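**Q** I'd like to go over a predicted model; first the sequence, then the structure.
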Amino acid sequence: MPTNAEAAETFRAIADLLDVLGERFKPEAYRRAARSIDTLTEDLAAVAARNELRSIPGVGDAIEAKLREFLATGRIDYLERLRREVPPGVAEILHLPGLGPKTARRFWTDLGVEGPAELRAALDAGRLDGQKGFGPKKIAQIRAALDAAAGGPPSARLPIEEAYPIAHRIVRALREGAGADRVEIAGSFRRGRETVGDLDVLVASRDPERAFDVFSTLPDIREVRLRGGTKETAILARGLQVDLRVVDPSSFGAALQYFTGSKEHNVIVRTRARDAGLRVNEYGVFRGETRIAGATEEEVYAALGLAWIPPELREGRGEVDAATAGPLPALVTADDLRGDLHVHLEAAADAAAVERLLEEARRRGLAYLGLVAEGVTAPDGRSASPNRRWRRRCGPRRPASGSSASPRSTRPGRLRVR
DNA sequence: GCCGTTTTCGGCCCGACTGTTTTCAGTCG
Ligand SMILES: Nc1nc2c(ncn2[C@H]2C[C@H](O)[C@@H](COP(=O)(O)OP(=O)(O)OP(=O)(O)O)O2)c(=O)[nH]1
Ligand SMILES: [Mg+2]
Ligand SMILES: [Mg+2]
């Protein structure tokens, strides 16, 4: 049975090919469906079994049928047909940063370029020189993008827990060095997604240049990809992209709303606003030329007749409708945690370390803690009882409950559980 | 291709940056 991720990937492939064929709106429709599948919290097969695929935002008749075909056969005939129409390398060109559907299509149809290797050959032969829209800088950009792509695939999405320390280093540097009123991580990180494709950092400041200077000289910046008056994009040494946006403090709420997304959420919010005769952008909510909100997220949503929406819900899955009816449900927070059953003791941990852990747990309002001590079994398996080993290692404090698992020397692969 | 407290047809968010352009197209967030 194909996974949700494979289904989403397949729809993105369809979107790419439709894009280079010059279709309008359809590629976005397929991408929207793909992102919607990304945010699903159960298997597509389960949704299909309940006959509820159509309830997924962005899934209509045509995409539902393709989803069913994919779940049943692992392939989509429509995609196979598109693949026969478009050489595979053309989609690779589309994926080069800075190049898009218009350019990939033009290379393919005008120059007969069907992949990265042919594109490089065309560049070397000077076949792009004099082409309308291709000056020396653009040509250099394309060459650099080809070189980067030859060095390996673009870096994958990062689990959010791996993004945390990186994000906090950047935030600290900007808070300390950039004279910023506020610094927040927005984007998928703030929405609490399991993985992030990049880091989106928002700064409130009247001095963007100072923030950009601090940011550009962070130790692990590999490359600054673009820099203007309000935003900068850089790539970190490990390949992670960081987008920095700087706005005036009076726009901070609107900018945080914009930069937190998701894109689907933003489009729904902005469409509603437009229907109500308003305009929403990253600077505020406007009636005509008059700004009626902007400093805080609460006032931005309130100006649109909406309750504030927790970032974790901003995926375009009905939360905006729910926010018209009144406040949204309070989400579970770290304060709601009653205990932690997965705490590993470090190898050197002793009784004092256990006491420190308990103290920290109490400080966090936890009622219980599950501790795991590894590697405390004597190799012959005939050591003292688990209770005795626990006391030797962790001191006199008695666990409320406990168990021990050790390899059985006489029956390889089996555990002795006490 | 999707969708509907204006619509079942006709729209589909809004703005920044770059390179190339003399007013804008393409790409991206
Ligand atoms: N209004 C609007 N906002 C957008 C659009 N694209 C991106 N944004 C906003 C919402 C996004 O959450 C935010 C950051 O963009 P990203 O491309 O980094 O997306 P996001 O962080 O949501 O996901 P990611 O994990 O980076 O793939 O910028 C767009 O097309 N329109
Ligand atoms: Mg992001
Ligand atoms: Mg981003």
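**A** Thanks, I have it. Ligands and ions are numbered 1, 2, ... in the order given.

**Q** could you say what helices and strands the strand or helix carrying A:Trp108 packs with?
**A** Assigned by DSSP states H and E, A:Trp108 belongs to helix A:101-111. In terms of contacts (3 or more CB pairs under 8 Å, 6 or more residues apart in numbering; DSSP states H and E), helix A:101-111 is packed against helix A:4-20, helix A:88-94, helix A:116-124. (C-beta placed from N, C-alpha, C; glycine too.)

**Q** mean pLDDT, mean neighbour count and distance to ligand 3 added to those helices, as TSV?
**A** Below are the helices and strands packed on helix A:101-111 laid out as TSV (pLDDT from 0 to 100; neighbours: other CB atoms under 10 Å; distance: least, CB to the ion, whole Å):
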stretch	mean pLDDT	mean neighbour count	distance to ligand 3
helix A:4-20	98	20	17
helix A:88-94	97	20	19
helix A:116-124	96	17	25
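
**Q** quick one: which of those helices is nearest A:Val269?
**A** Ranking the helices and strands packed on helix A:101-111 by proximity to A:Val269 (CB to CB) places helix A:4-20 first, at 23.3 Å.

**Q** restrict that closest one to CA atoms and write it as PDB.
**A** Output of helix A:4-20 as PDB, limited to C-alpha atoms (Å, rounded to 0.1, in the frame of the first residue of the first chain):
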ATOM      1  CA  ASN A   4       0.800   9.300   1.900                       C
ATOM      2  CA  ALA A   5       4.200  10.800   1.200                       C
ATOM      3  CA  GLU A   6       4.400   8.800  -2.000                       C
ATOM      4  CA  ALA A   7       1.000  10.000  -3.100                       C
ATOM      5  CA  ALA A   8       2.000  13.600  -2.400                       C
ATOM      6  CA  GLU A   9       5.200  13.100  -4.300                       C
ATOM      7  CA  THR A  10       3.400  11.700  -7.200                       C
ATOM      8  CA  PHE A  11       1.000  14.700  -7.400                       C
ATOM      9  CA  ARG A  12       4.000  17.000  -7.300                       C
ATOM     10  CA  ALA A  13       5.500  15.200 -10.200                       C
ATOM     11  CA  ILE A  14       2.200  15.700 -12.100                       C
ATOM     12  CA  ALA A  15       2.300  19.400 -11.200                       C
ATOM     13  CA  ASP A  16       5.900  19.800 -12.500                       C
ATOM     14  CA  LEU A  17       5.100  18.300 -15.800                       C
ATOM     15  CA  LEU A  18       1.900  20.300 -16.200                       C
ATOM     16  CA  ASP A  19       4.000  23.300 -15.400                       C
ATOM     17  CA  VAL A  20       6.500  22.800 -18.200                       C
END
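
**Q** which other helices and strands does that helix contact?
**A** helix A:26-38, helix A:61-73, helix A:77-85, helix A:88-94, helix A:101-111.

**Q** quick one: it to chain centroid distance?
**A** Relative to the chain's own centre, helix A:4-20 is displaced by 18 Å; criterion: CA atoms, centre = their mean, to the nearest Å.

**Q** how about stretch A:177-185?
**A** Per CA atoms, centre = their mean, the centroid offset for stretch A:177-185 relative to its chain is 22 Å.

**Q** what do you get for stretch A:10-27?
**A** Taking mean C-alpha positions (CA atoms, centre = their mean), stretch A:10-27 and its chain are 22 Å apart.

**Q** which other residues reach it?
**A** A:28, A:30-31, A:33-34, A:37, A:63, A:66, A:70, A:76, A:78-79, A:82-83, A:85-86, A:90-91, A:94-95, A:100-101, A:104-105, A:108 (CB atoms under 8 Å, 6 or more residues apart in numbering).

**Q** one more: stretch A:100-119?
**A** Residues outside stretch A:100-119 that contact it (CB under 8 Å, 6+ apart) are A:19-22, A:27, A:86-94, A:96, A:122, A:127-128, A:131, A:142, A:146, A:149-150.

**Q** can you tell if it touches DNA strand B?
**A** Yes - with CB under 7 Å from any atom of the strand as the measure, stretch A:100-119 is seen reaching DNA strand B through A:100-104.

**Q** near ligand 2, which residues of chain A?
**A** Contact residues, chain A versus ligand 2 (CB under 5 Å from the ion): A:187-188, A:198, A:200.

**Q** where does chain A have low pLDDT?
**A** Scanning chain A with the threshold set as pLDDT under 70 gives A:375-384.

**Q** could you rerun that using 80?
**A** A:374-390, A:392-394, A:406-407, A:409 (pLDDT under 80).

**Q** separation between the residue of the stretch 151-300 of chain A found nearest ligand 1 and A:Ala150?
**A** Nearest residue of the stretch 151-300 of chain A to ligand 1: A:Gly261, at 2.0 Å (CB to the nearest ligand atom). Going from A:Gly261 to A:Ala150 by CB to CB, to the nearest Å gives 32 Å.

**Q** filter the residues of stretch A:100-119 next to DNA strand B down to the buried ones, ChimeraX style.
**A** Command for ChimeraX that selects the buried part of the residues of stretch A:100-119 next to DNA strand B, burial taken from 16 or more other CB atoms under 10 Å:
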select /A:101,103,104
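
**Q** how about the residues of stretch A:100-119 next to DNA strand B in JSON lines, adding distance to A:Arg408?
**A** Converted to JSON lines, the residues of stretch A:100-119 next to DNA strand B look like this (distance: CB to CB, whole Å):
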{"residue": "A:Gly100", "distance to A:Arg408": "61"}
{"residue": "A:Pro101", "distance to A:Arg408": "61"}
{"residue": "A:Lys102", "distance to A:Arg408": "66"}
{"residue": "A:Thr103", "distance to A:Arg408": "64"}
{"residue": "A:Ala104", "distance to A:Arg408": "60"}
